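Trainee: Prediction below, plus the sequence it came from.
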Amino acid sequence: MNYECVQGDITQQDDIDAIVNAANAQLKSGGGVAGAIHRAAGEQLEQATRSLAPIEPGEAVITKAFDLPNRYVIHCLGPVYGEDEPSDELLADCYRNALNVADEHELASIAFPALSTGAFGYPFADATRVALQTVKAHSSKLKHVETIRFVLFSDSDYEHYQKALSEHELI
């Protein structure tokens, strides 16, 4: 398995088969990652998600990527920290389910943002730990996914992930 960490915009990962959307339950545009993905993908994305909504915390669904440079968008609803419990399990489900959806569609690569860490209030260090432990434990079960990339927007988030990836012996 190839694990990568980059600083940048999740909507600009043109060498990745599927990007993961930090979705809301209704799969509509919003702020943060969801807003950026919906704006970049165009109006067709929201139309494509209508029949799939609502989704539950931990669930993942897939749509075409439309105007994005990727083939697909995998939409995950992360837990709202302090409300959706058990939050660690639900967040881990997001990563597992997104990886499973990618593998079922025979995709070779997937890019994740830091799920649930924005408006959903998940503490960044805790969310990073859950993400990396889950991905490391689950990746051996995948048949098609070869590259898992984490895309972080800010300098500090990127630096934190780089350090955590090294500590988890993923890079």
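Mentor: On my side now, so go ahead.

Trainee: And the helix or strand of the chain with the lowest mean pLDDT, what does it pack against?
Mentor: One helix or strand of the chain scores below all others by mean pLDDT, DSSP states H and E: helix 155-167, with a mean of 92. Packed against helix 155-167 by the contact rule (3 or more C-beta pairs under 8 Å, 6 or more residues apart in numbering; DSSP states H and E) you find strand 2-7, helix 124-138, strand 147-152. Heads up, the C-betas are built off the backbone N, CA and C, glycines and all.

Trainee: Same question for the longest helix seen in the chain: list its buried residues.
Mentor: In terms of residue count, the longest helix belonging to the chain (DSSP state H) is helix 87-104. Using 16 or more other C-beta atoms under 10 Å as the test for burial, helix 87-104 gives 87-88, 90-103.

Trainee: re the thing from before, what sits up against the least confident helix or strand of the chain?
Mentor: 3, 5-7, 114, 117, 124-125, 128-129, 132, 150, 152, 171 (C-beta atoms under 8 Å, 6 or more residues apart in numbering).

Trainee: please redo it, this time with the cut-off set to 6 Å
Mentor: 5, 7, 128, 132, 150, 152, 171 (C-beta atoms under 6 Å, 6 or more residues apart in numbering).

Trainee: again, but for stretch 106-115
Mentor: Under C-beta under 6 Å, 6+ apart, the answer for stretch 106-115 is 10, 13, 16-20, 22, 33, 78, 94, 102, 144, 146-151.

Trainee: Which among the residues you listed count as buried?
Mentor: 10, 13, 16-20, 22, 33, 78, 94, 102, 147-151.

Trainee: first to last residue in stretch 76-86, what's the distance?
Mentor: 16 Å (C-alpha to C-alpha, to the nearest Å).

Trainee: go on, stretch 146-164?
Mentor: 20 Å.

Trainee: Measure how far that stretch is from the centre of its chain, please.
Mentor: 12 Å (C-alpha atoms, centre = their mean, to the nearest Å).

Trainee: Next: stretch 47-66.
Mentor: Distance, centroid of stretch 47-66 to centroid of chain: 13 Å (C-alpha atoms, centre = their mean).

Trainee: Just the CA atoms from that stretch would do, formatted as PDB, please.
Mentor: Taking C-alpha atoms only, stretch 47-66 is exported to PDB below (Å, rounded to 0.1, in the frame of the first residue of the first chain):
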ATOM      1  CA  GLN A  47     -28.600  16.400  -8.500                       C
ATOM      2  CA  ALA A  48     -26.800  13.000  -8.400                       C
ATOM      3  CA  THR A  49     -26.900  12.900  -4.600                       C
ATOM      4  CA  ARG A  50     -30.600  13.600  -4.100                       C
ATOM      5  CA  SER A  51     -31.700  10.000  -4.400                       C
ATOM      6  CA  LEU A  52     -28.900   8.800  -2.000                       C
ATOM      7  CA  ALA A  53     -29.800  11.100   0.900                       C
ATOM      8  CA  PRO A  54     -30.100  11.100   3.800                       C
ATOM      9  CA  ILE A  55     -27.100   9.100   5.000                       C
ATOM     10  CA  GLU A  56     -26.200   8.200   8.600                       C
ATOM     11  CA  PRO A  57     -23.000   8.900  10.400                       C
ATOM     12  CA  GLY A  58     -20.300   6.400   9.300                       C
ATOM     13  CA  GLU A  59     -22.000   5.700   6.000                       C
ATOM     14  CA  ALA A  60     -20.400   6.200   2.600                       C
ATOM     15  CA  VAL A  61     -22.000   6.500  -0.900                       C
ATOM     16  CA  ILE A  62     -20.500   7.100  -4.300                       C
ATOM     17  CA  THR A  63     -21.300   9.400  -7.300                       C
ATOM     18  CA  LYS A  64     -19.600  10.400 -10.500                       C
ATOM     19  CA  ALA A  65     -17.300  13.400 -10.100                       C
ATOM     20  CA  PHE A  66     -18.700  15.500 -12.900                       C
END
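
Trainee: Alright, calling it a day.
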